[in-house]
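Trainee: Next one to model:
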Amino acid sequence: MFVINGIPILAAILEPVIGVTMIFNSFLIYKKYRERKSRATGYLTLAILSFGVGALISGIGKILGIVSGIPESELNISGFTIVIAYIFTALANIFIVAFLVQIFKDGDSKSTLVLATLNGMTIGFLLPNISFAVDVYQSVLYFLIWHILISLYGYGNLTYHGFKEANLTDQKIPKTGFKLIAWFGISANMLFVLFVIDLVVGTIRGYGFTVFYYMAWASGAVASILAYLFMMPTWFKNRIS
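Mentor: Predicted coordinates:
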């Protein structure tokens, strides 16, 4: 794998591509929002857009780290932007919680409020730690573990409700929609699980950006596509009906 200034070229290419893909899908969902004026659609748009902006910022940081030629020990541009990217994923989680409340109105409003608050706390923890320091990633490690655990619970909750509602209806289109949102939750969770695996394997091997890192971002892209299909674009709706 080609590496420049400690940054794999593949990572510098993949992250912006994934980011642009997610942002593009968010605009497709936004078109549905303009048609339906649904709060749920609006929240889902903002969630996918936040994920996309986070991935794009992280990718831009890696590109700048490569082209600047400045060693990370002196100016860790990549580390600086990846902390910002995690802040955007926490913001996306808050929008997903709002989406969950709108779609499954019989859900536990207290638990969703707590979940949104915990993600807000994550943002509060990470903001003061945005830094160009070489050890910036290590300095926020415990906050990231906190963030990942909260995310796993949140998207797991989305998956649970999605499959639960799918099993309660025999109508093909609603059933497909609920299954799509359940698989969206699974894909989003895989994003975080694979990042953890990358971190553990990378620590053991002494280097980061294992294959799990790229699989994580690919899972994020799949999640954004599933979110778009959940909006039932005409061509997809005709195909399943």
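Trainee: Can you list the neighbours in contact with the least confident helix or strand in the chain by mean pLDDT?
Mentor: Within the chain, no helix or strand scores below helix 136-139, which has a mean of 72 by mean pLDDT, DSSP states H and E. With contacts defined as Cβ atoms under 8 Å, 6 or more residues apart in numbering, helix 136-139 is touched by 76, 79-80, 82-83, 129-131, 133. Quick note: C-beta positions are derived from backbone N, CA and C, even for glycine.
Trainee: let's see 6 Å
Mentor: Under the criterion Cβ atoms under 6 Å, 6 or more residues apart in numbering, residues 76, 79, 129 lie in contact with helix 136-139.
Trainee: swap in stretch 40-49?
Mentor: Residues contacting stretch 40-49 (Cβ under 6 Å, 6+ apart): 22, 25-26, 29-30, 32-33, 92, 95-96, 98-99, 102-103, 224, 227.
Trainee: ok so, going back, chain center to whichever helix or strand comes after the least confident helix or strand of the chain, what's the gap?
Mentor: Sequence-wise, the next helix or strand beyond helix 136-139 is helix 141-167, with elements assigned using DSSP states H and E. Relative to its parent chain, helix 141-167 has a centroid offset of 12 Å by Cα atoms, centre = their mean, to the nearest Å.
Trainee: next one: stretch 162-179
Mentor: The answer for stretch 162-179 is 24 Å, by Cα atoms, centre = their mean.
Trainee: which stretches of the protein form helices?
Mentor: 9-36, 39-68, 77-103, 109-126, 136-139, 141-167, 172-205, 211-230, 234-240 (DSSP state H).
Trainee: need the contact list for the residue nearest the centre of the chain.
Mentor: Residue closest to the mean C-alpha point of the chain, counted by Cα atoms, centre = their mean, is residue 51 at 4.5 Å. Residues near residue 51 by Cβ under 6 Å, 6+ apart: 22, 92, 220.
Trainee: at 10 Å what do you get?
Mentor: 18-19, 22-23, 25-26, 85, 88-89, 91-93, 95-96, 188, 191, 220-221, 223-224, 227 (Cβ atoms under 10 Å, 6 or more residues apart in numbering).
Trainee: Would you mind listing which of those residues are buried?
Mentor: Among the contacts of residue 51, those classed as buried by neighbour count (16 or more other Cβ atoms under 10 Å) are 18-19, 22-23, 25-26, 85, 88-89, 91-93, 95-96, 188, 191, 220-221, 223-224, 227.
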